[in-house]
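K.L.:
below is the sequence, then the predicted model.
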Amino acid sequence: MNKHNTSNQTLEGLQECSWGAQVLQKYALTANNAPIESAILYPLVGDHPPIEAYILSLDFGKRALKVGGVDKFADFHARTFVDAYAAAKQLKQQEESGEGESIWKVRGPGEAKLSEAFRFGNSALRTAEALPVNETAAARLEDPRVRNMTICAVIQILQDMKIYPTVYEDGMPVLKKLHVVLCIGLPVDDLTRRREETEQALQHLKGEYRIEQFDTKSGKTETWAIEVNGFIPTPQPRGTHYTAMRRLDGTPALPKKITTVIDIGGGDIYAYEVDSSSGVVVEGQRLGDGTIAIARELIPLVEDTYGVHISEAQAQEALHLRTILKGGEEIDISGLLEQLRPRFAHLLTTVTISKRMLATFIIFSGGGAALLHNEIAAKMQALPGQHEVGKDYLILPSAIAPIANCIGLFAHGYYRVQQLIRTKVTEFLELYESLQALEEKVRAGAAAGSHPPADQQLALQEGQERLRKHVGQYYPLIVQQVRQERRALAG
Amino acid sequence: MDNDNRLRRGTYSFYESTVAHLEQLSAQRLRERDTDLLRQALHVGSLFVSLLGEADPASGNFGLYSTDELAVLLRPWVVIALDWLEQHGHPIANEAAAAVNIKALFSLLGSLGTSDFQQDQTAQRTAVVEGTGPLTSPGAGAVISGDVLASLKLDDDPIV
């Protein structure tokens, strides 16, 4: 096992071989003795060579957007962006200590002009506009502000992965178009009852984007060209499930039949029953409000104590950061949060651990699981009967609970693209074998002195032409694997 | 930009995939014409093809160039290629992969001039299917077993 960094993170019942544990311990991600990375040869169209694309994960939460990817050293990167957007009036270099902020402009597919300049995420919190958070995923994705934030979040994770917008040719920087395939985690409802509407909204997001990123510290503008080539819409709980229950090679990390994922998010708490053999979500149920309920209690408390008004989005962030801004400085509000502790436990009263749930393996996930870790542990210990961490339930470690969906969504995206490649390779092999059979027939006919019929000649020519261009030929290792599997099946 | 198969219609006779590749590159970059790229490709390619030749017994040259001149001309392209491989996650320091690729490169260079394009392509495809060619391809990454992928029921989440 290749360990890039030493880490003393406690696994808290997570299996060492699981995606979650590997990311938590900052191991290089490998499967079957080869690195896993975002960059992959993606078979875009059947008769064209594959393109180099990046598989990224995108957890489309109601209160925050999380993006993840794996760099060329097989290290996982993730970023969380608070759902906050603010128009920026001017692009101006500022004297700042520390890191500068980015101000963005985006031109989407088919658009003639760049968007207004804007900030998003933490840097937009103070002046954020209200965004549609309680709408359907389709409605949210169709809001150009949400779309633009999403694309810029993708760029920021690419930057973390040390992927640059330009390449140097003859010493000159040249803009390089970067292709991405996004495994997007969405609420289960948006992929069941409203699937068609959701897929249509995603279709509209595909295409080429031109982005300008202005850095307030350096005063420089960087231009990016991104093409979104595909989306893999996936139910969010499948992400957490893969994170805790799958090894990197896709095999189960724990032999459990049914799992319940309790996702304590910013907006809602959901419980989902997941079929552990496949990761398919069987059933979902909303249990109550997420950590927004505590954040709303924090707002008047901050106002009374410090005379400062904070928004709901700022309050949510303050719960995790334990600080607020006052007089331009960060103030520690740990004392206020201690006053709210009874509210923490109260939030969990909506989470009824039923006997049906106890018959399954329970995983507590989401930003709320990190925040309420001790309260959840106390709740589980108070249940009748003995329930062991790692055997009966897991509270995902605080360092990965907020990004658990994101980690597993990357895994799912990686597997999904691998399966797409396999499908193409199988097509290629079937074509190759059928052509071989046809060639054999023509040769046998020629040996018997007969000229091959015109339709046979035409089929041979067409087949050879298709084979010559087929994308399957670019994956020699997978060709060999699929061929062996087909031979084994044929007996 | 005029991208009307100039090279295909011209007096040159090149491998079809090379022509298609240059046309595609030209269309992507929108800075040079495909014919400009062809001239550059000829120049760079000729340097590498020199490696196949034997030095002239009298002059000691490889084609027009002495060993030192050829080394000077080759070096920047080798450095660029090494950088590119590094940047794209396939450093040449991976010795096993390098050995395979260099073998494949020499086999390809060796086939130039002795077999036509169609034969090359067919041979390459056969090598892919029969497993006699290099088994690595850039960006291939870790390969997940077919049985595992089937168990994950991935078709439930189509790529949109």
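P.N.:
Thanks, I have the structure now.
K.L.:
and the helix-or-strand element of chain A with minimal mean pLDDT, what does it pack onto?
P.N.:
Using mean pLDDT, DSSP states H and E, strand A:166-169 stands out as the lowest-scoring helix or strand of chain A, at a mean of 79. Using 3 or more CB pairs under 8 Å, 6 or more residues apart in numbering or on different chains; DSSP states H and E as the contact definition, the elements that strand A:166-169 packs against are strand A:172-175. C-beta coordinates here come from the backbone N, C-alpha and C atoms, glycine included.
K.L.:
can you tell me the element residue A:145 falls in?
P.N.:
Using DSSP states H and E, residue A:145 maps to helix A:144-160.
K.L.:
ok, is that helix in contact with chain B or not?
P.N.:
No - for helix A:144-160, no contact with chain B is found by CB under 8 Å from any CB of the partner chain; the gap never falls below 13.6 Å.
K.L.:
restrict that helix to CA atoms and write it as CSV.
P.N.:
Below are the C-alpha coordinates for helix A:144-160, written out as CSV (Å, rounded to 0.1, in the frame of the first residue of the first chain):
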residue,chain,number,x,y,z
PRO,A,144,-27.9,30.5,-14.3
ARG,A,145,-26.3,31.6,-11.0
VAL,A,146,-26.3,28.0,-9.6
ARG,A,147,-25.0,26.7,-12.9
ASN,A,148,-22.2,29.2,-13.0
MET,A,149,-21.2,28.4,-9.4
THR,A,150,-21.2,24.7,-10.2
ILE,A,151,-18.9,25.2,-13.1
CYS,A,152,-16.5,27.4,-11.1
ALA,A,153,-16.5,24.9,-8.3
VAL,A,154,-15.3,22.3,-10.9
ILE,A,155,-12.5,24.7,-11.8
GLN,A,156,-11.4,25.1,-8.2
ILE,A,157,-11.1,21.4,-7.7
LEU,A,158,-9.1,21.1,-11.0
GLN,A,159,-6.8,23.8,-9.6
ASP,A,160,-6.4,21.7,-6.4
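K.L.:
flag every buried residue along that helix.
P.N.:
Applying a neighbour-count criterion of 16 or more other CB atoms under 10 Å in any protein chain shown, the buried positions in helix A:144-160 are A:145-160.
K.L.:
do the same with stretch A:159-168
P.N.:
Of the residues in stretch A:159-168, those buried by neighbour count under the rule 16+ other CB under 10 Å are A:159, A:160, A:161, A:163, A:165.
K.L.:
quickly check those for the two that are furthest apart.
P.N.:
The largest separation in the buried residues of stretch A:159-168, counting by CB to CB, is between A:160 and A:165 at 13.8 Å.
K.L.:
so which of the buried residues of helix A:144-160 is the closest to chain B?
P.N.:
The shortest distance between chain B and any of these, using CB to the nearest CB, involves residue A:158 and amounts to 13.6 Å.
K.L.:
might one say that the closest one is in contact with residue A:182?
P.N.:
No - in this structure residue A:158 lies outside contact range of residue A:182 using CB atoms under 8 Å: 11.8 Å.
K.L.:
report the set of residues contacting both of these two.
P.N.:
In terms of CB atoms under 8 Å, 6 or more residues apart in numbering or on different chains, residue A:158 and residue A:182 are both contacted by the residues residue A:56.
K.L.:
which residue ranges form the strands in chain B?
P.N.:
Per DSSP state E, chain B has no strands. Nothing in it meets that criterion.
K.L.:
show me what the longest helix seen in chain B is packed against.
P.N.:
Ranked by number of residues, the top helix in chain B under DSSP state H is helix B:67-87. For helix B:67-87, the elements it packs on are helix B:34-49, judged by 3+ CB pairs under 8 Å, 6+ apart.
K.L.:
can you confirm residue A:74 is in a helix?
P.N.:
No - when the secondary structure is assigned by DSSP: H, G, I helix; E, B strand; the rest coil, residue A:74 falls in coil instead of a helix.
K.L.:
let me see the contact set for it.
P.N.:
A:2, A:28, A:29, A:30, A:35, A:36, A:37.
K.L.:
okay, the first one: pLDDT?
P.N.:
The model reports residue A:2 with a pLDDT of 46.
K.L.:
one more: the second one?
P.N.:
Each residue has a pLDDT score; the one for residue A:28 is 90.
K.L.:
kindly report the same for residue A:350.
P.N.:
On pLDDT, residue A:350 comes in at 84.
K.L.:
count the residues that sit near the residue nearest to it when sequence neighbours are not counted.
P.N.:
If you skip the residues right next to it in sequence, residue A:350 has residue A:288 as its closest partner in space, 3.1 Å away by CB to CB, 6 or more residues apart in numbering or on different chains. The local packing of residue A:288 (other CB atoms under 10 Å in any protein chain shown) involves 15 other residues.
K.L.:
follow-up on the earlier one: show me what the least confident helix or strand of chain A pairs with in its sheet, parallel or antiparallel.
P.N.:
Partners of strand A:166-169 in the sheet, by DSSP bridges, are strand A:172-175 (antiparallel).
K.L.:
can you list the residues that contact the strand it pairs with?
P.N.:
The contact list for strand A:172-175 (CB under 8 Å, 6+ apart) reads A:165, A:166, A:167, A:168, A:223, A:225, B:29.
K.L.:
quick one: it to chain centroid distance?
P.N.:
For strand A:172-175, the separation from the chain centroid amounts to 30 Å (computed by CA atoms, centre = their mean, to the nearest Å).
K.L.:
do the same with stretch A:473-485
P.N.:
Average the C-alpha atoms of stretch A:473-485, do the same for its chain, and the two points are 28 Å apart (CA atoms, centre = their mean).
K.L.:
for the stretch 51-200 of chain A, just list every one of the strands.
P.N.:
A:51-60, A:64-70, A:76-82, A:85-87, A:102-107, A:118-120, A:166-169, A:172-175, A:177-186 (DSSP state E, counting those that start in this stretch).
K.L.:
can you pull the contacts of residue B:67?
P.N.:
Residues near residue B:67 by CB under 8 Å, 6+ apart: B:55, B:60, B:61.
K.L.:
ok, residue A:479 next?
P.N.:
When contacts are counted by CB under 8 Å, 6+ apart, residue A:479 touches A:425, A:428, A:429, A:472, A:473, B:128, B:129, B:131.
K.L.:
would you mark the buried spots in the one helix or strand it maps to?
P.N.:
Applying DSSP H and E as the criterion places residue A:479 in helix A:476-490. In terms of neighbour count (16+ other CB under 10 Å), helix A:476-490 has its buried residues at A:476, A:477, A:478, A:479, A:480, A:481, A:482, A:483.
K.L.:
want to try JSON lines for these, with pLDDT as columns?
P.N.:
Shown next, in JSON lines, are the buried residues of helix A:476-490 (pLDDT from 0 to 100):
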{"residue": "A:476", "pLDDT": "87"}
{"residue": "A:477", "pLDDT": "86"}
{"residue": "A:478", "pLDDT": "90"}
{"residue": "A:479", "pLDDT": "91"}
{"residue": "A:480", "pLDDT": "89"}
{"residue": "A:481", "pLDDT": "88"}
{"residue": "A:482", "pLDDT": "91"}
{"residue": "A:483", "pLDDT": "90"}
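K.L.:
format the residues you listed as TSV; extra columns: distance to residue A:357.
P.N.:
Supplementary listing: the buried residues of helix A:476-490 in TSV, determined by distance: CB to CB, whole Å:
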residue	distance to residue A:357
A:476	47
A:477	43
A:478	40
A:479	45
A:480	45
A:481	40
A:482	40
A:483	45
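K.L.:
let me see the ranges of the helices in the stretch 201-350 of chain A.
P.N.:
Counting by DSSP state H, counting those that start in this stretch, the stretch 201-350 of chain A has these helices, from start to end: A:236-245, A:292-306, A:312-321, A:334-339, A:341-347.
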